[in-house]
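Chemist: Sequence first, then the predicted structure:
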Amino acid sequence: VLLFLTLARQGTCLSRPQFGVFYRHAVPMGTTAKEEMNKFWAKNNKLNRPMSPHITIYQWSVPMIMSITHRGTGVGLSGGISAFALLALVLPGSYPYYLDLIHSLSIGPALLGLAKFGIAFPLSYHTLNGIRHLFWDSGKGFTLPEVYRSGYVVIALSILTSIAAIAYM
């Protein structure tokens, strides 16, 4: 029964003497989050600790930028698809109506190509970088030169496939 109670109350056994090290750092009951935050900043100011430099101390690298871009393209693609689906459900008219509307705007070929690239590049980049991640999941390509090489390959192929898709459309 004692074992069950210990497992059931994993975080509450801190009052026992053997857990005294952990108990010292526990937040006292009855304080608000604002009070705890004020204590935290007062302690940091008293000890003359600097604020966290956040991302300003890091030297930007290709893998770092590609990771951020991969996440951004994923969010952008899912948001764009969701918005397109919602608009397709809500707006009156059919797809040919809106296609004719876009054609009637007389958008120049440069702007139209840029818009196509804006759709094709995130899709191709996210797909190709996802394939790169699948290779990583299998345990391949983790040396630093391979990480950089595969990153440059993904960037180059993304640009080439985007241009090919624009030329085809």
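Modeler: Happy to help now that I have it.

Chemist: Send me the helix or strand residue 103 falls within as PDB with only the CA atoms.
Modeler: Take DSSP states H and E as the rule and residue 103 turns out to sit in helix 95-104. What follows is helix 95-104, C-alpha atoms only, in PDB (Å, rounded to 0.1, in the frame of the first residue of the first chain):
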ATOM      1  CA  TYR A  95     -13.600  27.800 -58.300                       C
ATOM      2  CA  PRO A  96     -13.900  28.800 -62.000                       C
ATOM      3  CA  TYR A  97     -15.500  32.100 -60.800                       C
ATOM      4  CA  TYR A  98     -12.500  33.000 -58.700                       C
ATOM      5  CA  LEU A  99     -10.100  31.800 -61.300                       C
ATOM      6  CA  ASP A 100     -11.700  34.200 -63.800                       C
ATOM      7  CA  LEU A 101     -11.600  36.900 -61.200                       C
ATOM      8  CA  ILE A 102      -7.800  36.500 -60.900                       C
ATOM      9  CA  HIS A 103      -7.400  36.500 -64.600                       C
ATOM     10  CA  SER A 104      -9.500  39.700 -64.900                       C
END
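
Chemist: Do me a favour and average the pLDDT over the next helix or strand after that helix.
Modeler: Using DSSP H and E, the helix or strand that directly follows helix 95-104 along the chain is helix 109-137. Mean pLDDT, helix 109-137: 95.

Chemist: ok, back up a step: just the angle between the helix holding residue 103 and helix 109-137, please?
Modeler: Here helix 95-104 runs at 120 degrees with respect to helix 109-137, directions being taken by axes from the mean of the first three to the mean of the last three C-alpha atoms, to 10 degrees.
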